[in-house]
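Q: A structural model of the following input is requested.
(chains A and B, ligands or ions: 1)
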Amino acid sequence: MKFVDEFRDGALAQGIARAIHAEAKPHRRYAFMEFCGGHTHAIARYGIPDLLPTNVRMIHGPGCPVCVLPIGRIDLAIHLAIKRGVILCTYGDTLRVPASDGLSLLRAKARGGDIRMIYSPEDALRIARDNPGREVVLFAIGFETTTPPTAVALMNAEREDLGNFSVLCCHVLTPAAIAHILDSPEVRNLGLVALDGFIGPAHVSTIIGSQPYEFFAEEYRKPVVIAGFEPLDVMQAILMLVRQVNACRFSVENEFTRAVTREGNRRAQALVVECFELRKHFEWRGLGEVSYSALKIRERFARFDAEARFDLAYQPAPDHKACACGAILRGVKQPIDCTLFGTVCTPDTPMGSCMVSSEGACAAHYTYGRHRSTA
Amino acid sequence: MKTDYTRPLDLKHGHIDMNHGGGGRAMQQLIRELFAKHLGNDLLAQGNDGTVLPAQPGRLVMSTDSHVITPLFFPGGNIGALAVHGTVNDVAVMGATPLWLSAGFILEEGFPLADLERIVQSMAAAAHDAGVQIVTGDTKVVERGKADGVFITTTGVGVLLDGVNLSGAHARPGDAVLISGTIGDHGMAIMSQRENLQFAAPFVSDSAALNGLTAALIASGAELRLMRDPTRGGLAATLNEIAQQSRCGITLMEAAIPIQPAVEGACELLGLDPLNIANEGKLIVVCAAVSAEQTLQTLRAHPLGRNAAHIGSVTDDPHHFVQLQTRFGGRRMVDWLSGEPLPRIC
Ligand code: SF4
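A: Residues are numbered from 1 along each chain as shown, chains lettered A, B, ... in the order given. Reported below is the predicted structural model:
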């Protein structure tokens, strides 16, 4: 416990805040994107905006695994549960994401779908072993952090020859999404989004290492600081970004040295390569089709691939017309710019995915930050 | 032939069957050999369709609560004790002295009698400890699969002395907000059992009757505005209800809120906010600022209030927001949770 508290020390935070105030030049603006939902959550939950000068602004990026999951993918999961009668195993925060026809996994469950909340892919394997007469599908979502456990599940299923287990693979890749944002016309040409640097993901980087970000720093001339999820980590990363911007530097720095190396976790990477290959295209909620941005199960594990096993065809489904999630995920808009925010769309009645997970930009602002926009 | 002999209920290996709800001899036997055996008292012994209660001075307070919980048995309690504590507490936080409870059972066919007896025993013990009597009851049996083991509805009646007038609408800007102890213990005890989560030390529910504590507060003469027990939805939900009812805001100091390190760590791991996690034996007190210190001392003098703390104050806020001054130095809103707390993945 001591361990956690050390990184939440208010006095230390004040010290870093003072340094940011002293070093941020009053005549310029600093706009930093925290890519990862974990950072979005930490920033909102600990009230970090209160500690920053007004000209240092944080933009919430697309790194919330639940938020970027397109409707069509959840529709597939619901289809499996309702129409194919499988036991669908899902992580908790995916349950409430709105899908087509006013459904969500939670509502599909109320309509008789056998949908079970799990904490790890191992739980899904156990359910498969316990129910040999039923098809059991793991709804595998998330960035690089959740991919290795899915790979382990595939390996175990193969070793045990678990004939009733399969995976609906929706794993996505962080670097592809960052590149997509930096390549978007809003950022590249129009100057719609001023983006002066990135806070790089914590847990994701423990797996992939800091090396993949070197490309962005060089190619797009944007500083990247990889930071842990503790609020002090975030503050320290912001200070490091301010310093890079002031010095016109754009390199990859690692605030999270206690967990992230340049190479990352080689064993986990090898596991992932063994089980998955790149998809040519994958639809992201908010970002649209992004090339080579997601993973698909390799041929060797085809019988554990729910898409092949159940002959599923992906059907894209549009978001609610007024939902600005896409623009928010690209950093073009803020939650309060959406006309549905806080009225039609609340955490109790989410219209878009950003309102579902507590890591989503809209939910984080609604739950933790509304006092700022109504003051 | 021995005409008045019936084979006693097999409380070790027997199960509830549909006959136990049929209104016939089997039901009578269940009531006699299980319920009355443990819960028996003069009032229950009247044995009529209704129980005649002696007149009391003062106004009456009544409250009802249905209890459904998975698992039925958890570290620190079970559904029986919980059904007594929950309703006793709802009456007690009104400032009243709880006296009587009713208990309605919905039993699922096949439910082990041994489990039912354990549950009824702990109801009896909880009622005894809280100084209340279970004076009337009812049993229904539903087919297997139509209920989850056992559901218990309890209704409580208590008396309120003249001059005691507490309400969720009475908080005023400047008032102090106190809590009687650590938050989140019950919710984490349930969640860790339900989800089969392995933690180093098992969490223990704080399920307890609060009427001793509330009586001490009333007797202290402090200027109390209201008392509440933050059950489902946790501290966050209860404080938001108070803010709405009283049309005010509330500001909490995160550093002052008592929480067990293990509970905080587990919430951290699961991506849950302890402010949203349920409690079953904690009391929120809002009192005039001048009474804050006295109230804190009264709470701390009671075994259930040893870890009591002054955690915040009532503010003037047209938006009726509950806000938290974080340990970190920032500020954020504390909102109702939508639905059940769901763990976050990363
Ligand atoms: S407030 Fe709701 S509808 Fe608007 S952008 Fe956010 S999630 Fe979409």
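Q: going forward, measure contacts between C-alpha atoms and count neighbours the same way
A: OK.
Q: Go ahead and flag the most central residue of chain A.
A: With distances taken as CA atoms, centre = their mean, residue A:64 lies nearest the centre of chain A, 2.5 Å away.
Q: That residue contacts residue A:36, doesn't it?
A: Yes - assessed by CA atoms under 8 Å, residue A:64 is found in contact with residue A:36 at 6.1 Å.
Q: Touching, residue B:141 and residue B:26? I think so.
A: No - with contact defined as CA under 8 Å, residue B:141 does not reach residue B:26; the gap is 11.8 Å.
Q: neighbour-wise, which of these two wins?
A: When residue B:141 and residue B:26 are compared for neighbours, residue B:141 comes out ahead with 23 against 17, by other CA atoms under 10 Å in any protein chain shown.
Q: Need the three-state assignment for that one.
A: strand (DSSP: H, G, I helix; E, B strand; the rest coil).
Q: what's the distance between it and residue A:177?
A: As for residue B:141, its distance to residue A:177 is 56 Å (criterion: CA to CA, to the nearest Å).
Q: Residue B:183 should be in a strand, yeah?
A: No - Residue B:183 is assigned coil when assessed by three-state DSSP, not a strand.
Q: quick one, what contacts residue A:269?
A: The contact partners of residue A:269, by CA atoms under 8 Å, 6 or more residues apart in numbering or on different chains, come to A:148, A:207, A:208.
Q: wait, what's in contact with the residue nearest to the spatial centre of chain B?
A: The centroid of chain B falls nearest to residue B:86 when counting by CA atoms, centre = their mean (2.7 Å). Neighbouring residues of residue B:86 by CA under 8 Å, 6+ apart: B:65, B:209, B:280.
Q: out of these, who has the most neighbours?
A: Counting by other CA under 10 Å, top hit in the contacts of residue B:86: residue B:209 with 27 neighbours.
Q: helix/strand/coil for the residue lying closest to that one once chain neighbours are set aside?
A: Nearest non-adjacent residue to residue B:209, counting by CA to CA, 6 or more residues apart in numbering or on different chains: residue B:85, 4.7 Å away. With three-state DSSP as the basis, residue B:85 sits in helix.
Q: what about residue B:85, how many neighbours?
A: Other residues close to residue B:85 by other CA under 10 Å number 23.
Q: That one against residue B:208, yeah?
A: Yes - Residue B:85 lies in contact with residue B:208 (CA under 8 Å); the separation is 5.7 Å.
Q: Now list whatever residues contact both of these two.
A: With CA under 8 Å, 6+ apart as the test, residue B:85 and residue B:208 both reach B:280, B:281.
Q: Tell me where the chain has strands.
A: Using chain A. Ranges of strands in chain A, per DSSP state E, are A:30-36, A:56-63, A:87-91, A:114-118, A:136-142, A:165-171, A:197-200, A:224-226, A:252-254, A:276-278, A:281-284, A:288-291, A:295-297.
Q: my question was about chain B
A: Secondary structure of chain B (DSSP E): strands located at B:59-67, B:73-74, B:77-78, B:97-108, B:133-142, B:150-160, B:176-179, B:224-228, B:249-253, B:284-287, B:309-315, B:322-325, B:331-333.
Q: between the ones you listed, which gets nearest to chain A?
A: Closest approach to chain A among the strands of chain B is made by strand B:331-333 (4.3 Å; CA to the nearest CA).
Q: Show me what residue 142 is bridged to.
A: This is for chain A. Beta-bridge partners recorded for residue A:142 (DSSP bridges): residue A:171.
Q: wait, I meant chain B there
A: residue B:108.
Q: Might you report the residue contacts of it?
A: Residue B:142 touches B:18, B:21, B:106, B:107, B:108, B:109, counting by CA under 8 Å, 6+ apart.
Q: What's the per-residue pLDDT of it here?
A: You'll see residue B:142 listed with a pLDDT of 95.
Q: Quick check: it vs residue B:17, distance?
A: Per CA to CA, residue B:142 is found 9 Å from residue B:17.
Q: okay, and the common contacts of those two?
A: With CA under 8 Å, 6+ apart, residue B:142 and residue B:17 have common neighbours residue B:109.
Q: burial of residue 232, as a residue count?
A: I went with chain A, as the question did not name one. With other CA under 10 Å as criterion, residue A:232 counts 26.
Q: switch to chain B, that's the one I care about
A: Neighbours of residue B:232 (other CA under 10 Å): 17.
Q: Quick check, it in contact with residue B:279.
A: Yes - Residue B:232 lies in contact with residue B:279 (CA under 8 Å); the separation is 7.1 Å.
Q: how far away is the closest residue in space to residue A:51 that isn't next to it in sequence from the ligand?
A: Closest residue to residue A:51 apart from its sequence neighbours, by CA to CA, 6+ apart: residue A:17 at 5.8 Å. Here the criterion is CA to the nearest ligand atom, to the nearest Å. By it, residue A:17 lies 29 Å from the ligand.
Q: My guess is residue B:239 contacts residue B:322. True?
A: Yes - taking contacts as CA under 8 Å, residue B:239 lies within contact range of residue B:322: 7.0 Å.
Q: Would you mind listing the residues touching both of the two?
A: residue B:250.
Q: Show me which residues of chain A are close to chain B?
A: Counting by CA under 8 Å from any CA of the partner chain, the residues of chain A close to chain B are A:1, A:8-11, A:13-14, A:38, A:44-51, A:65, A:91-93, A:142-143, A:145-146, A:203, A:231, A:347-348, A:357-358, A:367-371.
Q: what do you get if the cut-off is 7 Å, keeping everything else the same?
A: A:1, A:8-10, A:13, A:44-48, A:50-51, A:91-93, A:142, A:145-146, A:347-348, A:367-371 (CA under 7 Å from any CA of the partner chain).
Q: Can you flag the buried ones in those residues?
A: A:8, A:10, A:13, A:44-48, A:50-51, A:91-93, A:142, A:145-146, A:347, A:367-371 (16 or more other CA atoms under 10 Å in any protein chain shown).
Q: What is the neighbour count of the closest residue to residue A:226 other than its chain neighbours?
A: Nearest non-adjacent residue to residue A:226, counting by CA to CA, 6+ apart: residue A:200, 4.1 Å away. Per other CA under 10 Å, the neighbour tally for residue A:200 reads 31.
Q: Pull the contacting residues for residue A:200.
A: A:34, A:35, A:224, A:225, A:226, A:227 (CA atoms under 7 Å, 6 or more residues apart in numbering or on different chains).
Q: Distance of the residue lying closest to residue A:208 once chain neighbours are set aside relative to residue A:205?
A: Spatial nearest neighbour of residue A:208, chain neighbours left out: residue A:264 (4.7 Å); criterion: CA to CA, 6+ apart. Separation of residue A:264 from residue A:205 (CA to CA) stands at 7 Å.
Q: out of these two, which sits in the busier spot?
A: residue A:205 (28 against 19).
Q: Next up, the contacts around that one.
A: A:260, A:264.
Q: Under the pLDDT cut-off, which ranges of chain A? List them.
A: Applying pLDDT under 70 to chain A flags residues A:1-8, A:189-193, A:374-375.
Q: Could you pick out the longest helix of it?
A: Ranked by residue count and defined by DSSP state H, the top helix of chain A is helix A:231-246.
Q: Next, the buried residues of it.
A: So for helix A:231-246, counting by 16+ other CA under 10 Å, buried means A:231-245.
Q: Likewise for stretch B:316-332?
A: Residues of stretch B:316-332 classed as buried by neighbour count (16+ other CA under 10 Å): B:316, B:320-332.
Q: Would you mind trimming those to those in range of chain A?
A: Counting by CA under 7 Å from any CA, B:326, B:327, B:328, B:329, B:330, B:331, B:332 from these sit close to chain A.
Q: Report the residue ranges of every domain in the chain.
A: Just so you know, I chose chain A. For chain A, the structural domains run A:5-64+A:184-208+A:219-254, A:71-174+A:264-309, A:325-374, going by automatic domain parsing.
Q: Correction: the question concerned chain B.
A: In terms of domains, chain B is parsed into B:18-160, B:176-333 (source: automatic domain parsing).
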